[in-house]
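J.: Need the 3D shape of this:
(chains A and B)
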Amino acid sequence: MLIFSVFKTLTDQQVTVELKNDLSITGVLKSVDQFLNIRLDNIKVLDEARHPHMMAVKNCFIRGSVVRYVQLPAEHVDTQLLEDATRREALTQVKR
Amino acid sequence: MDPSSSGIQEPFDLIRLSLSERVFVKLRGDRQLTGILHAYDGHMNLILSDVEETIMIVEVDDENATAGPKTVNVAKRKMDMLFVRGDGVILVSPPSRT
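T.: Residues are numbered from 1 along each chain as shown, chains lettered A, B, ... in the order given. Coordinates of the predicted model:
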């Protein structure tokens, strides 16, 4: 739930999603759900020469399970807030 | 079990105590990362900053494909702030305390 909230705060920011098949897509994060499925608008494939079939695609929905990494805009991430929230969530996990 | 004590009672405690420290992460696909850990969850989804990724690419020589030394190419790249999906994570290691 914590990571889901992080992504929600990053909507309308530019992110780069790297998929497990090595395809990297940069775009504006429009929405995210509990499975970390991601909707990107205004997308650009990083290595267009290697993926010419993606040139016509302007926006997309990415299934969460095929994501390897998401590069986030560092200036929009409050690292102190993240660490506190992570510790708080870890505590609730232990209590169960 | 007192979760507020700093001792390690369960495996995730080791990762919790590594928050805001530089950790080593081994991933599927011959990849490894080092970065400062800022967040994680029960799936081992991670958020790291100041990340360096190392990808090992083993090249099998044609003449001795079965035996003999194989050359290992290493590709490195740096990223500012990175979310890592938990299903690719093999291990997370806390920083070595020297």
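
J.: Chain A contacts on chain B?
T.: Applying CB under 8 Å from any CB of the partner chain, one finds that chain B approaches chain A through B:1, B:3-4, B:9-10, B:12-13, B:16, B:19-20, B:29, B:36, B:38-42, B:45, B:47, B:49, B:79-85, B:87-88. C-beta here means a position set from N, CA and C on the backbone, and glycine is covered the same way.

J.: Can I have the buried ones of the residues you listed as a PyMOL selection?
T.: In PyMOL, the members of these classed as buried (16 or more other CB atoms under 10 Å in any protein chain shown) are selected with the following command:
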select buried, chain B and resi 12+13+16+19+36+38+39+40+41+45+47+49+79+81+82+83+84+85+88
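
J.: Convert stretch A:37-56 to PDB, retaining C-alpha atoms only.
T.: What follows is stretch A:37-56, C-alpha atoms only, in PDB (Å, rounded to 0.1, in the frame of the first residue of the first chain):
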ATOM      1  CA  ASN A  37      -0.400  -1.300 -13.100                       C
ATOM      2  CA  ILE A  38       0.600   2.000 -14.700                       C
ATOM      3  CA  ARG A  39      -1.000   4.200 -17.300                       C
ATOM      4  CA  LEU A  40       1.400   6.500 -19.300                       C
ATOM      5  CA  ASP A  41       0.500   9.300 -21.600                       C
ATOM      6  CA  ASN A  42       2.600  11.000 -24.300                       C
ATOM      7  CA  ILE A  43       5.100   8.100 -24.300                       C
ATOM      8  CA  LYS A  44       8.500   7.900 -25.900                       C
ATOM      9  CA  VAL A  45      10.500   4.600 -26.300                       C
ATOM     10  CA  LEU A  46      14.100   5.100 -25.500                       C
ATOM     11  CA  ASP A  47      15.700   2.900 -28.100                       C
ATOM     12  CA  GLU A  48      13.400   3.500 -31.000                       C
ATOM     13  CA  ALA A  49      15.700   1.900 -33.500                       C
ATOM     14  CA  ARG A  50      15.400  -1.400 -31.600                       C
ATOM     15  CA  HIS A  51      11.700  -1.200 -31.200                       C
ATOM     16  CA  PRO A  52      10.300   0.400 -34.400                       C
ATOM     17  CA  HIS A  53       6.900  -1.200 -33.800                       C
ATOM     18  CA  MET A  54       6.300   1.100 -30.800                       C
ATOM     19  CA  MET A  55       6.700   4.300 -32.800                       C
ATOM     20  CA  ALA A  56       2.900   4.800 -33.400                       C
END
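
J.: Please identify the buried residues of it?
T.: Buried positions in stretch A:37-56, judged by neighbour count with 16+ other CB under 10 Å: A:38, A:39, A:40, A:43, A:44, A:45, A:51.

J.: Then stretch A:73-86?
T.: Along stretch A:73-86, these residues count as buried under the neighbour rule (16+ other CB under 10 Å): A:77, A:79, A:82, A:83, A:85, A:86.

J.: just stretch A:22-34 next, same as before
T.: By 16+ other CB under 10 Å, the buried positions in stretch A:22-34 come out as A:23, A:24, A:25, A:27, A:29, A:32.

J.: returning to that earlier point: ok, which pair from the buried residues of stretch A:37-56 is furthest apart?
T.: A:39 and A:51 (19.3 Å; CB to CB).

J.: This completes my enquiry, with thanks.
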